[in-house]
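> Structure, please.
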Amino acid sequence: MIEKKLDRAITNFIWNVVEVHSQLENIHSSWAGLLGISKAQWLILMAITELDEGRGVAGIGVANKLRVHPAFVTTQTKALEKSGFLSRRPGADDARFVLMSLTSKAIKELEKLSKRKLALNSTMSNGLDEKTLADLNAALATIAKNARLAARLLAIDVS
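Numbering: from 1, shown residues only. Predicted structure coming up:
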C-alpha cells in the first residue's frame, strides 16, 4: 500500500514539474522577446549572470549549467556577441577557453527588466517563505541527483 501511495506522489510530482517547466518556458520566451533574442540566448545570459564572478565565464561552465552541448553555447554566444550583449575573449591562463561577460548594453537592458523580474518572482513565490523555498530547493537538488542516477540506470537497462 505504501508503494502505491509513493508511486502516486511521484506521478503527481512529475506532472507538477511538467506544468512548472511549461510555465517557465513561457516566461523565458517572454523575457527573451523583450530583448529581441531567442529563449536559448536568454538562458545563456542568465547563466552568465549567475556564474560570472568578475573574470568572465567559460563556455563549458555555461553548457554545464544549462545541461546543453558546449558547441551549442559557442554558436549562441557568437550571435549574442554580434548583437552586443556579450563580449568574448580568450582566457589568460589558457587561450583554448573563451571567457564571456555581459556587455554594458546587456547590463542596462537587464536592469530595465529588474523591477518586472522582482515582481514576477514575488508572484511565483507568493505564499512561500524563504525557509520553505530553501527546503524545497534542497529537496529538488536531491531529486535532480537521484533523477540523473535513474536516467543512467535506465540507459544501462535499455542497452
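
> name the element Ser101 belongs to?
Using DSSP states H and E, Ser101 falls within strand 98-102.

> nope, Phe13 is what I meant
Here Phe13 is assigned to helix 2-35, by DSSP H and E.

> tell me what that helix is packed against?
helix 39-51, helix 104-124 (3 or more C-beta pairs under 8 Å, 6 or more residues apart in numbering; DSSP states H and E). All C-beta atoms are positioned from the backbone trio N, CA, C, and that covers glycine.

> so what secondary structure elements neighbour the last one?
I take that to be helix 104-124. helix 2-35, helix 39-51.

> Leu140: which of those is closest?
Nearest to Leu140 among the helices and strands packed on helix 104-124 is helix 2-35 (8.9 Å), distances taken as C-beta to C-beta.

> which ones are touching the residue nearest in space to the middle of the chain?
The residue lying closest to the centre of the chain (C-alpha atoms, centre = their mean) is Leu66, at 5.1 Å. By C-beta atoms under 8 Å, 6 or more residues apart in numbering, the residues touching Leu66 are Leu43, Ile44, Ala47, Val73.

> Let's see if you can find the most crowded of those.
Greatest neighbour count in the contacts of Leu66, by other C-beta atoms under 10 Å, goes to Ile44: 28 neighbours.

> got JSON lines for the helices and strands packed on helix 2-35, with mean pLDDT and distance to Lys4 too?
Shown next, in JSON lines, are the helices and strands packed on helix 2-35 (pLDDT from 0 to 100; distance: least, C-beta to C-beta, whole Å):
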{"stretch": "helix 39-51", "mean pLDDT": "97", "distance to Lys4": "38"}
{"stretch": "helix 104-124", "mean pLDDT": "95", "distance to Lys4": "32"}
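
> Please identify the deepest-packed of those.
helix 39-51 (a mean of 19; mean count of other C-beta atoms under 10 Å).

> Which strands and helices lie in contact with that helix?
helix 2-35, strand 57-58, helix 59-66, helix 70-82, strand 98-102, helix 104-124.

> Remind me what the second one packs against, helices and strands.
Looking back up the chat, that one is strand 57-58. Using 3+ C-beta pairs under 8 Å, 6+ apart: strand 57-58 touches helix 39-51, strand 98-102.
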